[in-house]
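Undergrad: Compute the structure for the input listed below.
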Amino acid sequence: IDGSQCQLMGAISATPWAIKGAIGVVSDAYPLFGFHKSSYILCASLIGTVAFCLLAGLQISSPTVASLLFFFTNFEIATADLLCEGKYAEAMQAKPKTGSTMVSFVWGLIQFGGLLAALFVGPIADAFNPQVIFWLCVP
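TA: This next block holds a predicted model:
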């Protein structure tokens, strides 16, 4: 694909990170199954799981289809990120003294997960079909 099409597909894939505010407003205003956060995380996880399974299991030749599937995987991650941040912000308000410790713990785990992914994704992609990596991303 050419450069402009690549940029467009990247923008489509990254859109969920730009609409996190809207996701938060919707989840706060309209509880789903009686819950404001957990039900939205569960629904987004189901959508992301299906997208990861399709990325892992299908031979996708269309950049548009791939970018839409990446949109849904990013939707899962952005929704869980936002709503979990909201939940631990509530916990920090209840116990303000533990706030910085909680944020440090969460970001430490995120960085550790990123390090593990960086260590393993290259060798896995070299040894197997790169689509195997998507199977590892299925929640």
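Undergrad: any weak-confidence spans in the protein?
TA: 139 (pLDDT under 70).
Undergrad: What segments of it are helices?
TA: Secondary structure of the chain by DSSP state H: the helices cover 3-18, 20-29, 38-57, 63-94, 99-127, 132-137.
Undergrad: I'd like those helices as JSON lines, with mean neighbour count appended.
TA: No exception for glycine: its C-beta is placed from N, CA and C like everyone else's. Formatted as JSON lines, those follow (neighbours: other Cβ atoms under 10 Å):
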{"stretch": "helix 3-18", "mean neighbour count": "14"}
{"stretch": "helix 20-29", "mean neighbour count": "14"}
{"stretch": "helix 38-57", "mean neighbour count": "17"}
{"stretch": "helix 63-94", "mean neighbour count": "17"}
{"stretch": "helix 99-127", "mean neighbour count": "11"}
{"stretch": "helix 132-137", "mean neighbour count": "15"}
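Undergrad: From Glu76, how far off is Val26?
TA: 15 Å (Cβ to Cβ, to the nearest Å).
Undergrad: Could you do Tyr40 as well?
TA: From Tyr40 to Glu76 the distance is 11 Å (Cβ to Cβ).
Undergrad: cool, Ala29 as well?
TA: For Ala29, the distance to Glu76 - Cβ to Cβ - is 21 Å.
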